[in-house]
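> Model the following, please.
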Amino acid sequence: MHSVLYKYLMKRLVYLLGVVFVSLGLGIAACEPLAPTPNSQAVIVITNTPTAVVVSVTPLLSTPLPSPVTPTATFLASISTARPTMTPTPTVLPSEGENNADLPPCEATEGLSFDSAFESIIAGEPIRYRIYLPPCFYETGRRYPYVILLHGSSYNYTQWDEEVGIVDALESALQDKDNAIAPMVLIMPDGGVLQELNDYTNGPLWEQVILTELIPYIESSFCVWNAPEGRAIGGISRGGFWAVSIGLRNPSLFTSIGGHSPAFFEDNAPPEYNPLALADVVTTPLDVRIYLDIARSDVGVANFSRFVSILSGRNIPHIAEVSPSGDHTDSYWASQVENYLRFYSEPWPTDPAALPSCFS
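Numbers count the residues shown, from 1 in each chain. Below you'll find the predicted structure:
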């Protein structure tokens, strides 16, 4: 009898220990961070592209998307630290339903900027981008608004940061408590050859990459404001053409559109994509904010003025500024970059506590 009782007790002990270890395993698995950071675990995949290393990151937070935006790509992320002086802050996120007031205060004064890439089915190659996350992005558990910033011809995804200085300008503005600006995420994708093409019928479109690949990727990988109220799009020169074209063709997807020295020419797009024609036919009232600027000596000022006249004639609200100085140069855009940031910031709260929750 003692032998039978002993065997029974040993079997129960083994069973209980198994339950404990399974529970611990599930608890650890539940502690994954909300979005990829440069320190996230990743699988490294060597490609034959010039960028060499691409890291596959599985999105850890799925977010609903507006119906017109449908993901079509398999995404890869290649992470490298673009601002070596920055150290990623630890991911401290509330559990669902937890009051953010109970979180430890975040004292960070610098954001995080790094380069990544996703594999574009439309382009047939990885699309690199630079992303800037504002201070305390991971600590607040809030969905931050974001701006997609498109670069000009002959540039790449680094133009907005390295030539125009938008990241430094935003960091400085965020420290100015007397003239508050909304904390926001900046997305700077590389247009490559695709954004230069004028073929709108027989090949891939940069617009398709932005709408059906970039936006779903960003909104499933990072805790950003995944609604039209939290999205803006802007661009410089050729990027300004694309930003205004995409914005006017899809005004329900964005809260703001920015065209900075936009390259508006009649021969670089058919009417259904050309802002000069779209301004004449877009449905009004147009529920999207529009900001346009250019230097008086810019070669594109005539078509800029023509576009602005069409908007005015149709009573479409907009801001249009012609600078008496400057030209079609990085130094001009750098001199205006704080104005751009404050335009994009205007409809968004300056206090992160007023932003939507990552869990809603």
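
> Could you use CA atoms for every contact and neighbour count after this?
Fine.

> shaky segments in this protein?
1-104 (pLDDT under 70).

> Centre-most residue in it?
The residue lying closest to the centre of the chain (CA atoms, centre = their mean) is residue 187, at 3.5 Å.

> Now that residue: which helix or strand?
Taking DSSP states H and E as the criterion, residue 187 maps to strand 185-189.

> That strand pairs with which strands, parallel or anti?
Sheet partners assigned to strand 185-189 using DSSP bridges are listed as strand 125-133 (antiparallel), strand 146-150 (parallel).

> What are the contacting residues of whatever helix or strand comes next after the last one?
Towards the C-terminus, the helix or strand next in line after strand 146-150, according to DSSP H and E, is helix 166-174. Outside of helix 166-174, the residues that reach it under the criterion CA atoms under 8 Å, 6 or more residues apart in numbering are 110-111, 132, 134, 160-161, 179-183, 334, 337-338, 341.

> residue ranges of the helices in the chain, please?
Shown for the chain, the helices assigned by DSSP state H span residues 2-29, 166-174, 206-209, 215-221, 238-249, 275-281, 301-313, 330-345.

> List of residues touching the fifth one?
Just to be clear, that refers to helix 238-249. The contact list for helix 238-249 (CA under 8 Å, 6+ apart) reads 149-153, 195-196, 207, 233-235, 253-254, 257-264, 273-275, 278-279, 282.

> before we move on, the earlier item: quick check: the residue nearest to the centre of the chain touching residue 157?
No - between residue 187 and residue 157 there is no contact under CA atoms under 8 Å: 9.2 Å.

> Find the residues that touch each one of those two.
129, 130.

> contacting residues for residue 352?
140, 142, 144, 183.

> returning to that earlier point: direction-wise, compare the strand holding residue 187 with helix 166-174 and give the angle.
Between strand 185-189 and helix 166-174, the angle comes out at 170 degrees (axes from the mean of the first three to the mean of the last three CA atoms, to 10 degrees).

> Show me what strand 185-189 is in contact with.
Strand 185-189 has contacts (CA under 8 Å, 6+ apart) with 127-134, 144-151, 157-158, 160, 224.

> The residues you listed, buried ones only, as a ChimeraX selection?
Typed into ChimeraX, the next command selects the buried ones out of the contacts of strand 185-189 (criterion: 16 or more other CA atoms under 10 Å):
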select :127,128,129,130,131,132,133,134,144,145,146,147,148,149,150,151,157,158,160,224
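
> mind checking how far residue 191 is from residue 197?
Separation of residue 191 from residue 197 (CA to CA, to the nearest Å): 10 Å.

> These two: which has the busier surroundings?
Remark: of residue 191 and residue 197, residue 191 carries more neighbours, 24 against 14, as counted by other CA atoms under 10 Å.

> Touching, that one and residue 154? I think so.
No - using CA under 8 Å, residue 191 makes no contact with residue 154, being 10.0 Å away.

> buried stuff in stretch 344-356?
Buried, per 16+ other CA under 10 Å, within stretch 344-356: 344, 345, 348, 349, 350, 352, 355, 356.

> are any of the contacts of residue 352 buried, and which?
140, 142, 144, 183.

> Quick check: which of the helices of the chain has the most neighbours on average?
helix 238-249 (a mean of 26; mean count of other CA atoms under 10 Å).

> How far does that one sit from its chain's centre?
Mean-position distance between helix 238-249 and its chain equals 16 Å (CA atoms, centre = their mean, to the nearest Å).

> Stretch 285-294 too?
Worked out by CA atoms, centre = their mean, stretch 285-294 lies 19 Å from the chain centre.

> Kindly report the same for stretch 237-257.
The answer for stretch 237-257 is 14 Å, by CA atoms, centre = their mean.

> swap in stretch 272-280?
The chain centroid and the centroid of stretch 272-280 are separated by 25 Å under CA atoms, centre = their mean.

> contacting residues around it?
Contact partners of stretch 272-280, identified using CA under 8 Å, 6+ apart, comprise 241, 244-246, 248-249, 264-266, 268, 271, 303, 306-307, 310-311, 314.

> and that stretch, C-alpha only, in PDB?
Extracted in PDB, the C-alpha atoms of stretch 272-280 (Å, rounded to 0.1, in the frame of the first residue of the first chain):
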ATOM      1  CA  GLU A 272      -6.000  62.000 -63.000                       C
ATOM      2  CA  TYR A 273      -2.600  62.300 -61.100                       C
ATOM      3  CA  ASN A 274      -1.600  65.800 -61.900                       C
ATOM      4  CA  PRO A 275      -2.300  68.300 -59.100                       C
ATOM      5  CA  LEU A 276      -2.900  71.100 -61.700                       C
ATOM      6  CA  ALA A 277      -5.800  69.100 -63.100                       C
ATOM      7  CA  LEU A 278      -6.900  67.500 -59.800                       C
ATOM      8  CA  ALA A 279      -7.500  70.900 -58.200                       C
ATOM      9  CA  ASP A 280     -10.100  71.600 -60.800                       C
END
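
> what residues are up against the closest residue to residue 261 other than its chain neighbours?
Distance criterion CA to CA, 6 or more residues apart in numbering; nearest residue to residue 261, sequence neighbours excluded, is residue 294 at 4.5 Å. By CA under 8 Å, 6+ apart, the contact list for residue 294 reads 260, 261, 262, 301, 304, 321, 322, 323, 327, 328.

> Do I have it right that the second one meets residue 297?
No - no contact is recorded between residue 261 and residue 297 when judged using CA under 8 Å, the distance being 10.8 Å.

> the more surrounded of the two?
It is residue 261, of residue 261 and residue 297, that has more neighbours when counted by other CA under 10 Å, with 29 against 14.
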